[in-house]
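>>> Mind looking at a prediction? Sequence and model below.
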Amino acid sequence: MNLNTDDVQALCRLYTAIAVKAVDMQYERSYMRKGGGVTERSLHDDLFDRLFADPALERRVQRGTRAAGGFLDIIHAGINAELKVAKNTGVTVETPHKYLGQAADYEADTGSQLSILVVLDMTKTKNPPGVLENYLGFMKPALAGLDDPRFPSLVGVIIIKGSLLIPSGYSRGSADRRCRSAVAPSDEDSC
């Protein structure tokens with residue numbers, strides 16, 4: 001895959017900054033409460049403020065820039081970050097297909113093959129979150145009229161887990177009781 005070196009460096013800066021912020025955000029009270037009053041607009045405002053203050057991005061973060069007939073949520077050095085909030089259906093790194101097209105469309109209009117999709121998953125969960133790496137990944141969206149594009153799009157995906165219980169909530173009978181033995185796998189998958 002031939003990628004512009006400047007775009008790759010900008011993607012790495014923005015992706016890393018968002019991933020670091022994601023860990024902090026998922027444990028803040030406003031994101032932990034079910035629903036939490038979190039709207040897509042409040043996610044935009046909060047994440048933009050955090051990124052704008054990040055020294056690694058040198059205040060080179062913008063929002064609301066017009067592109068592809070819409071407005072970019074966040075852009076840094078030509079790399080777009082599209083932000084979404086999922087409230088009804090849980091999202092994993094492998095399942096945000098309905099949002100990929102928007103990120104890819106904006107990246108094409110900004111002249112890059114790279115973009116980022118951030119989904120705040122506010123669906124109810126009974127289990128504690130895993131480490132951040134479980135919620136990071138990359139996807140190649142399908143492109144119009146191209147089965148094997150010479151210059152494919154690549155979308156970095158970041159899932160922020162919201163609606164989490166406080167840690168003691170998992171020991172109060174709220175957690176899913178299924179677990180798997182990590183030492184000696186068996187047919188029963190019990191602890």
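Okay, I see it.

>>> Flag the shaky bits of the protein, pLDDT-wise.
34-36, 173-191 (pLDDT under 70).

>>> Just the residues contacting the helix or strand encompassing Val157, thanks.
Assigned by DSSP states H and E, Val157 falls within strand 154-161. Outside of strand 154-161, the residues within contact range by C-beta atoms under 8 Å, 6 or more residues apart in numbering are 1, 3, 11, 15, 18-19, 22, 25-26, 31, 91-93, 96, 100, 103-104, 107, 113-121, 125, 129, 135-141. In short, each C-beta sits where N, CA and C put it, glycine included.

>>> Can you tell me how far Val91 is from Asp121?
To Asp121, Val91 is 5 Å away according to C-beta to C-beta, to the nearest Å.

>>> where exactly do the helices run in the protein?
5-26, 29-32, 40-52, 97-110 (DSSP state H).

>>> who wins for proximity to Asp147 among those helices?
helix 97-110 (15.5 Å; C-beta to C-beta).

>>> list the helices and strands the closest one packs on?
strand 66-67, strand 79-86, strand 114-121, strand 154-161 (3 or more C-beta pairs under 8 Å, 6 or more residues apart in numbering; DSSP states H and E).

>>> Tell me which strands the second one pairs with, and in which orientation.
Strand 79-86 has its sheet partners listed here by DSSP bridges as strand 74-76 (antiparallel), strand 114-121 (parallel).

>>> for the helices of the chain, which one ends up most surrounded?
Sort these by mean neighbour count, taking mean count of other C-beta atoms under 10 Å, and helix 97-110 sits at the top with a mean of 20.

>>> From the chain's centroid, how far away is it?
When C-alpha coordinates are averaged (C-alpha atoms, centre = their mean, to the nearest Å), helix 97-110 and its chain have centres 14 Å apart.

>>> Could you report the distance from the closest residue in space to Asp24 that isn't next to it in sequence to Lys140?
Nearest non-adjacent residue to Asp24, counting by C-beta to C-beta, 6 or more residues apart in numbering: Arg50, 7.9 Å away. Going from Arg50 to Lys140 by C-beta to C-beta gives 28 Å.

>>> same deal with Ala81?
18 Å.

>>> More neighbours: which of the two?
In this view Ala81 and Lys140 are compared by other C-beta atoms under 10 Å, and Ala81 has more residues nearby, 28 against 14.

>>> For the more buried one, list the residues it contacts.
Leu14, Ile18, Asp73, Ile74, Ile75, Ser115, Ile116, Leu117, Val118.

>>> let's see 6 Å
Counting by C-beta atoms under 6 Å, 6 or more residues apart in numbering, Ala81 touches Ile74, Ile116, Val118.
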